[in-house]
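A.B. asks: Could you work out the structure for the sequence below:
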Amino acid sequence: MSKPAEKFNQILDQILRPFDLSHDFGRKRAYEAAIDYARENLIDDPHCNDFLAAAAKRLGFAPISFDTLESRVKVPKNAWLDVWISDEDDEVAFTGTKEGLQYMIDLLTQLRDASDPEQHIHLDRGMLPMTENSANLVLFKEEESWFTGDGAEAQEFPQREIEPKQIYAIQFVHYPPEDLPITAHKLYRVLKVEEDDGVSVSVKEFPEGAQDRYCRVTFVSDNDEKFTYSFHLDDPAVNYFTHREILKLAMRSV
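C.D. replies: The predicted structure follows:
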């Protein structure tokens, strides 16, 4: 057994100890605890997704992963970056130490070589190496057609075969709406789904999809409050689950 695997097994033993794993609800709570631990303590660890896979295998759930290129590059000592946006001159200043600029070069190299089109880089204010006064920075890689618009009319986003009324749970991939108290990759119980036009204030826009594919979802958030928000049925950043799919996930053998 490798050292990271042995270390992760020890951590999992500690995380799972308070939970009763003899029933589905206990295993679900234990899996969420493992995900929370990874998010809080392992997001910069290159073996973070290995830990999540080990937790999923032990508890009998489908593994999730944190799609963060940032976790593959260690922040070097003395690395600092700052993004300043001028309100008057429409100017952006990007400033870094030698180590900070090298860190950015390494991150961009990872982004350049990434084969998954969903991969991107998200650097937050106050999180190393970004300064407390920096603007948040998100970096994407796109094909030339994204800039030129060539072939845009011919592109059609695939529609999911799902009946809105059958949606039992919802999950947010990558970065969910900032105005909602929710966490990426976590499952949320859906209370009600209604048709929507996609033009309301509380909406996660998905311009690539058909306008008539929005729905208004009422669900229970992290603070146990009910929230109603509009999402697009074909948005790849949002996953929907039927009750049968949740049961199959929960009953998967350990």
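A.B. asks: Pretty sure Ala34 sits in a helix.
C.D. replies: Yes. Assignment of Ala34 by DSSP: H, G, I helix; E, B strand; the rest coil places it within a helix.
A.B. asks: ok, and the closest non-adjacent residue to it?
C.D. replies: Excluding the flanking residues, the one nearest Ala34 by CB to CB, 6 or more residues apart in numbering is Ala55, at 3.9 Å. Glycine gets a C-beta too; all of them are placed from N, C-alpha and C.
A.B. asks: Going by neighbour count, which residues in the helix or strand hosting that neighbour are buried?
C.D. replies: Assigned by DSSP states H and E, Ala55 belongs to helix 48-59. Residues of helix 48-59 classed as buried by neighbour count (16 or more other CB atoms under 10 Å): Cys48, Asn49, Asp50, Phe51, Leu52, Ala54, Ala55, Ala56, Arg58, Leu59.
A.B. asks: so Ala135 makes contact with Val83?
C.D. replies: Yes. The pair Ala135 / Val83 is scored as a contact, 4.4 Å apart, by CB atoms under 8 Å.
A.B. asks: related to what we said a few turns ago, spit out the contact partners of the residue nearest to Ala34.
C.D. replies: Contacts for Ala55 were tallied using CB atoms under 8 Å, 6 or more residues apart in numbering; they are Leu12, Ile15, Tyr31, Ala34, Ile35, Ala38, Pro63.
A.B. asks: Show me which of the residues you listed are buried.
C.D. replies: Leu12, Ile15, Tyr31, Ala34, Ile35, Ala38.
A.B. asks: Which of the three states applies to the first one?
C.D. replies: By that I understand Leu12. Assigned by three-state DSSP, the conformation of Leu12 is helix.
A.B. asks: measure the nearest residue to it once chain neighbours are set aside to Glu142 for me?
C.D. replies: Closest residue in space to Leu12, ignoring its immediate chain neighbours: Ala55 at 5.9 Å, by CB to CB, 6+ apart. Distance, Ala55 to Glu142, using CB to CB, to the nearest Å: 33 Å.
A.B. asks: Relative to Gly100, how far out is Glu225?
C.D. replies: Distance from Glu225 to Gly100, by CB to CB: 39 Å.
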